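Colleague: whatever this is, show me its structure:
(2 chains)
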Amino acid sequence: MSILVFIEADNGVIKKSSLEAVTYGSKLGDVTAVAMGSIEESELAKTGKFGAAKVLHCSDERLNDGVIAATAALIAEAASQVSASTIVMSRSSLVDAVAARVAIKTNSAVVANVQDLPDTSNGFTVKRGVFTGKAFAFVSVPDGNKVLTIAKNVVQLEESGADAAVEGISVNFSDADFGVKRVGVHKQEGDILLPEADKVVSAGRGLKGPENWQMIEDLAGTLGAATACSKPVSDMDWRPHHEHVGQTGIKVAPQLYIAVGISGAIQHLAGVNSSKVIVAINKDPDAPFFKAADYGVVGDAFEVVPKLIEAIKNNQN
Amino acid sequence: MKILVCISNVPDTTTKIKFVDNKLDTKGVQFIIGPYDDFALARAVEIKEKEGGTVTVLNVGLADTEPSIRKALAIGADDAVRINAEPTDSLFVAKQIVEYAKDKDFDMILMGRESSDFNSGLVHGLVGELLSWPSIAPAMRLDIDGSTAKLHREIEGGHEEVEVGMPFVAGCQEPIAEWKIPNMRGIMMARKKPLAVIEPVGVDGVTSYDSFELPPEKGECKMVDAAQMDELVGLLKNEARVL
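Modeller: Predicted coordinates for the structure are as follows:
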């Protein structure tokens, strides 16, 4: 079976989540990867170690802008060239916007936010997250072409095999594919991006004001973690919206989530309950977060956080 | 400006999710306009107030979704249409929207980035592709400048500014607008606004939801004394193995 996997890079390095998608695809059939924009050939070839036989690379510079319609056109063209029966993509802001368009272009059924490998014992059934992390659903996908977007950490990376062959792919883009013009990008540089982070330090109203975030950044820096916040904090503009984790914000699934001064309202928990380990630090012993956390500390954030930073540093030495 | 806003009808975000007979246990559950759709609706009403035009609200659902539709009318939509069907999957819903919208000359179709019950986040892209219109999501800002729409789309670690001509589709999220609470006058007027009920078109190739499962229960939270952060670090390193 021919499987197409769309891979993305960040600063020229293929994302871990994209390599997971290659590994996922290799469990279903023979993987061809498709990539776009400025990525070195040697970096693309790396996907071979995770199961891709070949990478189709579209180096059209206009695609560096992450244009939704053009990306969909590229993926559909690649799928047609390799007669892909299933297209696998790891979730990202671009993939979430592109997957549906790819599905229509390739006459595929589409399932988003897949949490596991498919069960093919009787048809094709996948598990996906629903009710904003509060439940899972098992979905039967009809026969024919399929598009799947997968969540982070659905498969363990398996490294073996040789480099993939890299070939160019050209697409006859239409003007409509570039109908949406990017006129500016505002992106934090240097920091660890929240949706990709293995560790997250998050803080809420318990910090009393934006001027107190330095210790949160220090804790995050010590751990190599990304910073996040609760909805009220983002609503009050203490922190930017792209740090807001919860029901209507970013959903995270890190190895470690440390919540400081966040009570743990059900809407916040919906954004974090896929985390592997949760630590809650709150001065209120009845804070609901303690019911959702693995480890809890009852105490004043302004005393606990500096002690925690010190303990982590001691441990690292 | 002729705007179509598509809304879902979902359990209140505080709902404790349970299933009976492989369906959501709706006993005691309050249903609301999808929170993301509510942002789209609020922005649509603001654009109408500034630029003139109309806002039509569309829901794919059975008669029990009408309180949410009436609320959308009370918030400021001019008329409503309900496609009389259980929304079974994203493709099914998208095809209903397209069938309704294809010959109505809308300048834009707005909806939430995803429904908060099934979370697929696919409908805006499906509708865009089916109509051959651009689709933009998640849109966190939307301004109209003549015949151009200027949007902010959230990306990892920030946002991009994009411009697009009309018509287009956008999947919205905060902070595109503040949620609007209907006032008494709005509620009174909503009763008289037209709500058309249309039968659905058939859709092939849809997915089906066979069963549901709840996440495993969390174990007991292990409490660590606030003065013993070395102990916490030890637990995270040796027991949880995340450091």
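Colleague: show me the contacts for the residue of the stretch 1-150 of chain A found nearest chain B.
Modeller: Nearest residue of the stretch 1-150 of chain A to chain B, counting by C-beta to the nearest C-beta: residue A:100, 2.8 Å away. (C-beta placed from N, C-alpha, C; glycine too.) Contacts of residue A:100 were listed using C-beta atoms under 8 Å, 6 or more residues apart in numbering or on different chains, and they are A:110, B:90, B:94, B:122, B:123, B:124, B:125, B:126, B:128, B:129, B:135.
Colleague: within the helices and strands, which one has residue 4?
Modeller: All of this is about chain A. Taking DSSP states H and E as the definition, one finds residue A:4 inside strand A:2-6.
Colleague: should've been chain B
Modeller: strand B:2-6.
Colleague: thinking again about what came up before, state the mean pLDDT of the strand holding residue A:4.
Modeller: The average pLDDT within strand A:2-6 is 97.
Colleague: which parts of chain A are helices?
Modeller: Along chain A, counting by DSSP state H, helices occupy A:16-26, A:41-45, A:68-81, A:93-105, A:214-223, A:231-235, A:266-272, A:289-292, A:301-316.
Colleague: least confident of these, on average?
Modeller: Among these, helix A:266-272 scores lowest, at a mean of 90.
Colleague: what are the C-alpha coordinates of it, in CSV please?
Modeller: Provided in CSV are the C-alpha atoms of helix A:266-272 (Å, rounded to 0.1, in the frame of the first residue of the first chain):
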residue,chain,number,x,y,z
ILE,A,266,-12.6,22.2,33.9
GLN,A,267,-11.9,24.5,30.8
HIS,A,268,-8.3,24.7,31.7
LEU,A,269,-7.9,21.0,32.3
ALA,A,270,-9.4,20.3,28.9
GLY,A,271,-6.2,21.8,27.4
VAL,A,272,-3.7,19.9,29.5
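Colleague: that older thread, between the helices of chain A, which gets nearest to residue A:199?
Modeller: For the helices of chain A, the distance to residue A:199 is smallest for helix A:214-223, at 5.1 Å, taking C-beta to C-beta.
Colleague: can you name every helix or strand that that closest one contacts?
Modeller: strand A:199-203, strand A:226-229, strand A:256-260, helix A:301-316 (3 or more C-beta pairs under 8 Å, 6 or more residues apart in numbering or on different chains; DSSP states H and E).
Colleague: just checking the distance from the second one to the centre of its chain.
Modeller: Taking the mean C-alpha point of strand A:226-229 and that of its whole chain, the gap between them comes to 15 Å (C-alpha atoms, centre = their mean, to the nearest Å).
Colleague: which strands and helices sit next to it?
Modeller: strand A:199-203, helix A:214-223.
Colleague: without its sequence neighbours, what residue ends up closest to residue A:251?
Modeller: Spatially, and ignoring its direct neighbours in sequence, residue A:251 is nearest to residue A:271 (5.0 Å; C-beta to C-beta, 6 or more residues apart in numbering or on different chains).
Colleague: hmm, who's touching the top strand by length along chain B?
Modeller: For chain B, the strand with the greatest residue count under DSSP state E is strand B:135-145. By C-beta under 8 Å, 6+ apart, the residues outside strand B:135-145 that reach it are A:68-69, A:93, A:96-97, A:100-101, A:180, A:241, B:1, B:43, B:47, B:50-51, B:110, B:113, B:121, B:124-125, B:127-129, B:149-154, B:159, B:162, B:164, B:168-176.
Colleague: among those, which are located in strands?
Modeller: Using DSSP E, those in strands are B:110, B:149-154, B:159, B:162, B:164, B:168-172.
Colleague: those also near chain A: which ones?
Modeller: Filtering these for neighbours of chain A using C-beta under 8 Å from any C-beta of the partner chain leaves B:153, B:154, B:159, B:162, B:164, B:168, B:171.
Colleague: what's the PyMOL line that selects buried ones from these?
Modeller: PyMOL command restricting these to the buried ones, with burial defined by 16 or more other C-beta atoms under 10 Å in any protein chain shown:
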select buried, chain B and resi 153+154+159+162+164+168+171
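Colleague: got a markdown table for the ones next to chain A among the ones in strands among the contacts of strand B:135-145, with pLDDT too?
Modeller: Putting these into a markdown table (pLDDT from 0 to 100) gives the following:
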| residue | pLDDT |
| --- | --- |
| B:153 | 96 |
| B:154 | 92 |
| B:159 | 92 |
| B:162 | 97 |
| B:164 | 97 |
| B:168 | 98 |
| B:171 | 98 |
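Colleague: which of the ones next to chain A among the ones in strands among the contacts of strand B:135-145 lies closest to residue B:17?
Modeller: The closest of these, once distances to residue B:17 are taken by C-beta to C-beta, is residue B:171, at 23.0 Å.
Colleague: tally up the residues packed near the residue lying closest to the closest one once chain neighbours are set aside, please.
Modeller: Once flanking residues are discounted, residue B:171 sits nearest to residue B:137: 3.0 Å by C-beta to C-beta, 6+ apart. Around residue B:137 there are 29 other residues, counting by other C-beta atoms under 10 Å in any protein chain shown.
Colleague: same deal with the one 5 residues further on?
Modeller: Counted with other C-beta under 10 Å, the neighbours of residue B:142 add up to 22.
Colleague: hang on, the earlier thing: what's the neighbour count on the residue nearest to residue A:251?
Modeller: Using other C-beta under 10 Å, the number of residues around residue A:271 comes to 25.
Colleague: ok, now how distant is it from chain B?
Modeller: Separation of residue A:271 from chain B (C-beta to the nearest C-beta, to the nearest Å): 11 Å.
Colleague: so who does that residue touch?
Modeller: Residues counted as contacts of residue A:271 (C-beta under 8 Å, 6+ apart) are A:132, A:133, A:245, A:246, A:247, A:249, A:250, A:251, A:252.
Colleague: next SSE after the lowest-mean-pLDDT helix or strand in chain B?
Modeller: Here the helix or strand of chain B ranked lowest by mean pLDDT, DSSP states H and E is strand B:23-24, holding a mean of 90. With elements assigned by DSSP H and E, the helix or strand that comes after strand B:23-24 is strand B:31-33.
Colleague: so who does residue A:7 touch?
Modeller: Contacts of residue A:7 by C-beta under 8 Å, 6+ apart are A:14, A:15, A:18, A:19, A:21, A:22, A:33, A:34, A:35, A:47, A:55.
Colleague: isn't the fifth one up against residue A:6?
Modeller: Read it as residue A:21. Yes - the pair residue A:21 and residue A:6 passes the contact test of C-beta atoms under 8 Å, sitting 7.4 Å apart.
Colleague: so what sits against both of the two?
Modeller: A:88, A:89.
Colleague: give the residue spans of chain A that score low on pLDDT.
Modeller: Along chain A, segments meeting pLDDT under 70 span A:189-191.
Colleague: what's the domain layout of it?
Modeller: As given by automatic domain parsing, the domain ranges for chain A are A:2-178, A:194-316.
Colleague: before we move on, back to that, restrict the contacts of residue A:7 to the buried ones and give me that as a PyMOL selection.
Modeller: Those of the contacts of residue A:7 that count as buried under 16+ other C-beta under 10 Å are selected in PyMOL with:
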select buried, chain A and resi 14+15+18+19+21+22+33+34+35+47+55
